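A.B. asks: okay, here's the prediction I keep looking at, along with the sequence it came from:
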Amino acid sequence: MGDEAVPEAGWVAPELREEFPGLALRYLLIEHGSGRAPRQVKKRLEALSNRFSGPQAIHLRHQPIPWAYRVFYRHIGLDPDEQQTPVEAVALERMKRGGFISRSLLDDALTIAIIESGVAMRAFDAGRVEGRLGIRQTESGEGLEGRPGELPPGTLVIADEARPLGLLFGATAAGRGVQPRTARMLLAAVQVKGVPEIAVEEAIWLAADVMRS
Amino acid sequence: MPEGVLKIEASDSSLQAVDALEAAFGVGSERIDVLTQRRARQDLRRQIALLEKRLGELFASVFPRQGMDWTVGAIGGPRVLGVAELERVRDALAARFREAQAELGRRGQIEEQNRGLVEAMIAEPQRYRWVRVSNQDVGEPGCQHWHSRPRWGILGMLLGWWRVKLSSGCPLAKGPRPQQTGT
């Protein structure tokens, strides 16, 4: 699958599909790793910093997409004021630091995509993923690599066909995220009820576009 | 209609009918219970979404006031919450919404009084000597303040020449320049 490919639809466990209609996962394979962000990406981030101001951050939580993620957080037992939704976390960082700070090509791509679309995005090392990605509940005895102990059964995770890769809206398993030696990555977007399909596609497209620059 | 009940209607034997009825009610009531629970959860999720929306609107309307608590607390997740847990989330959200609304109302009254005070200060500055009211006191953004002070310093004090001065705003930013990217 090349960079121009259409994002693939991840699977969602049937019991979760029934419980949370609208929950979905879309992802796209990118045939290269991260690294330093080129100058045009840094400039784009700088322009985005100037466009995104305090009042926008204040009004984020009653815009449809950020609100949808806040609601979903409540539905799954998280408090979005303690553990921010991705778009609120990025906005908060902007307010604290006075701008979006460039870190790496991937981080910058995700920041741009998240702020522009409001959609929750993350990335995995494609070389360390077995089969298709999806969302499911953990079973008894399952854990997250690099994290001591087992996860409580029923924890919502993003998984491949072999193991959990990360908590849904939380930590990524050790070695499953993108690292300096990663050669291929999966850009994944989690869709919840209230987030339109077009926004998810736009988010993935935006991040992929920055990654290709 | 549960499948077991259809089987009873098709059967001629009364004994078979009893067995089928038991099976039907056993499976059926379980199924009904599952569906009822799910419906209850969906209903609670709708209520949580509505409360979250109202809380978000209130949060935006409160700006620039600070010092209000918005956290509701996490039940613990991410996982599928049961009816009782969703009820706890809903109740906590409703309580937080009520508290925030009451606090906003209380602050609104104080701000209204302060706006009245500013008007009175402007009308009769000599009656409110050295009184200072900031934008924050009237629920407005910015760093301006109204200050009743004498014209020409000590001379104004002695002669009773008082006036209300409006400060020019926030001090200029200081400290190191933010890091420039792309250069």
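C.D. replies: Looks like it arrived, so ask away.
A.B. asks: any idea how far the helix or strand where residue B:90 lies is from the chain center?
C.D. replies: In this structure, residue B:90 sits in helix B:83-123 according to DSSP states H and E. With Cα atoms, centre = their mean, to the nearest Å as the basis, helix B:83-123 stands 9 Å off its chain's centre.
A.B. asks: any residue of it up close to chain A?
C.D. replies: Yes. With Cβ under 8 Å from any Cβ of the partner chain as the criterion, chain A is reached by helix B:83-123 at B:85-86, B:89, B:93. Heads up, the C-betas are built off the backbone N, CA and C, glycines and all.
A.B. asks: nearest to chain A: which residue in chain B?
C.D. replies: residue B:77 (2.8 Å; Cβ to the nearest Cβ).
A.B. asks: state the three-state secondary structure for that residue.
C.D. replies: Taken by DSSP: H, G, I helix; E, B strand; the rest coil, the conformation at residue B:77 corresponds to coil.
A.B. asks: break chain B into its domains for me.
C.D. replies: According to automatic domain parsing, chain B is divided into the following domains: B:3-112, B:124-183.
A.B. asks: re earlier: farthest-separated two in the residues of helix B:83-123 next to chain A?
C.D. replies: B:85 and B:93 (12.8 Å; Cβ to Cβ).
A.B. asks: any idea which element the residue lying closest to residue B:71 once chain neighbours are set aside lies in?
C.D. replies: Distances taken as Cβ to Cβ, 6 or more residues apart in numbering or on different chains place residue A:81 nearest to residue B:71, at 4.6 Å, with adjacent residues excluded. Following DSSP H and E, there is no helix or strand that holds residue A:81.
A.B. asks: so who does residue A:81 touch?
C.D. replies: By Cβ atoms under 8 Å, 6 or more residues apart in numbering or on different chains, the contact set of residue A:81 is B:70-72.
A.B. asks: ok, now how distant is the spatially closest residue to the residue of chain B closest to chain A that is not a sequence neighbour from residue B:54?
C.D. replies: Closest residue in space to residue B:77, ignoring its immediate chain neighbours: residue A:77 at 2.8 Å, by Cβ to Cβ, 6+ apart. Residue A:77 sits 21 Å away from residue B:54 when distances are taken as Cβ to Cβ, to the nearest Å.
A.B. asks: the two: which has the busier surroundings?
C.D. replies: residue A:77 (19 against 16; other Cβ atoms under 10 Å in any protein chain shown).
A.B. asks: packing partners of the host helix or strand of residue A:25?
C.D. replies: Using DSSP H and E, the element containing residue A:25 is strand A:24-30. Counting contacts by 3 or more Cβ pairs under 8 Å, 6 or more residues apart in numbering or on different chains; DSSP states H and E, strand A:24-30 packs against strand A:8-9, strand A:11-12, strand A:185-191, helix A:197-212.
A.B. asks: on the three-state scheme, the most centrally placed residue in chain B is what?
C.D. replies: Taking Cα atoms, centre = their mean, the centroid of chain B lies closest to residue B:55, which sits 3.4 Å from it. Using three-state DSSP, the structure places residue B:55 in helix.
A.B. asks: if we can go back for a sec, deepest in the core, which of the domains of chain B is it.
C.D. replies: domain B:3-112 (a mean of 15; mean count of other Cβ atoms under 10 Å in any protein chain shown).
A.B. asks: re earlier: in terms of secondary structure, what does the helix holding residue B:90 contact?
C.D. replies: Here helix B:83-123 touches helix A:64-75, helix B:14-62, strand B:132-134, strand B:145-150, strand B:162-166, going by 3+ Cβ pairs under 8 Å, 6+ apart.
A.B. asks: can I get those in a markdown table with mean pLDDT and distance to residue A:170?
C.D. replies: As requested, the helices and strands packed on helix B:83-123 are arranged in a markdown table below (pLDDT from 0 to 100; distance: least, Cβ to Cβ, whole Å):
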| stretch | mean pLDDT | distance to residue A:170 |
| --- | --- | --- |
| helix A:64-75 | 96 | 11 |
| helix B:14-62 | 77 | 20 |
| strand B:132-134 | 92 | 42 |
| strand B:145-150 | 92 | 45 |
| strand B:162-166 | 91 | 50 |
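A.B. asks: out of these, nearest to residue B:123?
C.D. replies: So among the helices and strands packed on helix B:83-123, strand B:162-166 is nearest, using Cβ to Cβ, at 9.2 Å.
A.B. asks: other SSEs contacting the closest one?
C.D. replies: Packed against strand B:162-166, as judged by 3+ Cβ pairs under 8 Å, 6+ apart, are the following elements: helix B:83-123, strand B:145-150.
A.B. asks: need the residues that contact the last one.
C.D. replies: Contacts of strand B:145-150 with the rest of the structure, by Cβ under 8 Å, 6+ apart, involve B:118, B:121-122, B:125, B:128-135, B:156-157, B:161-167.
A.B. asks: pull out the buried residues from the worst-scoring helix or strand of chain A on mean pLDDT.
C.D. replies: None of the helices or strands of chain A scores lower by mean pLDDT, DSSP states H and E than helix A:54-59, at a mean of 85. Using 16 or more other Cβ atoms under 10 Å in any protein chain shown as the test for burial, helix A:54-59 gives A:57-58.
A.B. asks: what lies in contact with that helix?
C.D. replies: With Cβ under 8 Å, 6+ apart, helix A:54-59 has contacts from A:91-92, A:94-95, B:59-60, B:63.
A.B. asks: try it again with 7 Å
C.D. replies: A:91, A:95, B:60, B:63 (Cβ atoms under 7 Å, 6 or more residues apart in numbering or on different chains).
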